[in-house]
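Undergrad: give me a 3D structure for the following:
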Amino acid sequence: MAAAAVLVVGCAEAPAPKGTIETIMNRKSVRAYTDEPVTDAQVETLLRAAMAAPSGMNVQPWRFVVVTDQAVKDALCADSFNKMIGQAPVVVVVCGETTVLRRPRGAADDAEPVPMPNNNWTADCAAAAENLLLAVEALDLGAVWTACYPYEDRMAPTRKALNLPEGITPFCIIPIGHPAVEEPAKDKWKPENIHYNVW
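TA: Numbers count the residues shown, from 1 in each chain. Model (predicted):
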């Protein structure tokens, strides 16, 4: 419970956090939001949770763009069916750094690092996005993962709207707000998808 208390520092108005399993089982996609604002403290809590995700070789390639400006939100969804992006109080765009400075395999310890492809960036960003979504549920907010990567027709306007630099790729867009309606969580338990020891 002490860890949970640390998680919501600065979020005095938020209800007591749910248990971990309850949060996971109750996570759902929320696509309609009220006008109630999401506080800066809540946003920081969500980002701290996102950055607590596992990362291959601890590279942590995730980068986050927090969007509250209405014009930028409108630009993000101008050519998209994801109109909830423009309606949410806060939008977090999870991006990934696709290259990393690293010494070539087998190089001497004093060799200069060189830019190399980071083949783990999508897995790392997915883990961060899921952590963020679980934190949204824990704080009784609502959000939905909207795909960006690998669809160029979604990535191009996102790059333009956010002025993303070279080497930073938008991975997903997550609108966040207070749910306008009560959304039930889906039961996705399917024992037939489980195999033990061998297929």
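Undergrad: identify each buried residue in the helix ranked longest in the chain, please.
TA: The residue-count maximum for a helix in the chain (DSSP state H) belongs to helix 121-138. For helix 121-138, the neighbour count (16 or more other C-beta atoms under 10 Å) marks 121-122, 124-138 as buried. C-beta coordinates here come from the backbone N, C-alpha and C atoms, glycine included.
Undergrad: angle of the longest strand along the chain against helix 121-138?
TA: Criterion DSSP state E: the longest strand present in the chain is strand 168-177. Orientation check (axes from the mean of the first three to the mean of the last three C-alpha atoms, to 10 degrees): strand 168-177 against helix 121-138 gives 10 degrees.
Undergrad: report all helices and strands that strand 168-177 contacts.
TA: Applying 3 or more C-beta pairs under 8 Å, 6 or more residues apart in numbering; DSSP states H and E, one finds that strand 168-177 contacts helix 84-87, strand 90-97, helix 121-138, strand 142-143, strand 146-147, helix 152-162.
Undergrad: so which of the ones you listed is nearest V67?
TA: Closest of those to V67 is strand 90-97, at 4.2 Å (criterion: C-beta to C-beta).
Undergrad: now the helix or strand following that closest one: buried residues?
TA: As assigned by DSSP states H and E, the chain's next helix or strand after strand 90-97 is strand 99-102. For strand 99-102, the neighbour count (16+ other C-beta under 10 Å) marks V100 as buried.
Undergrad: got the contact list for strand 99-102?
TA: For strand 99-102, the external contacting residues (C-beta atoms under 8 Å, 6 or more residues apart in numbering) are V59, P61, P113, V114, P115, M116, P117, N118, G167.
Undergrad: can you check stretch 46-56 too?
TA: Stretch 46-56 is contacted from outside by 7, 60-62, 64, 66, 92, 94, 120, 123-124, 127-132, 134-136, 139, 176, using C-beta under 8 Å, 6+ apart.
Undergrad: start to end distance for that stretch?
TA: 21 Å (C-alpha to C-alpha, to the nearest Å).
Undergrad: re the thing from before, and for the longest helix of the chain, what's in contact with it?
TA: Here helix 121-138 makes contact (C-beta under 8 Å, 6+ apart) with 7, 17-18, 23-24, 26-28, 45-47, 49-56, 59-62, 92, 94-98, 142-143, 145, 149, 169, 171-172, 174, 176.
Undergrad: residues near P184, how many?
TA: Per other C-beta atoms under 10 Å, the neighbour tally for P184 reads 7.
Undergrad: what residues are bridge-paired with G96?
TA: W62, T169 (DSSP bridges).
Undergrad: nice, that's everything, thank you.
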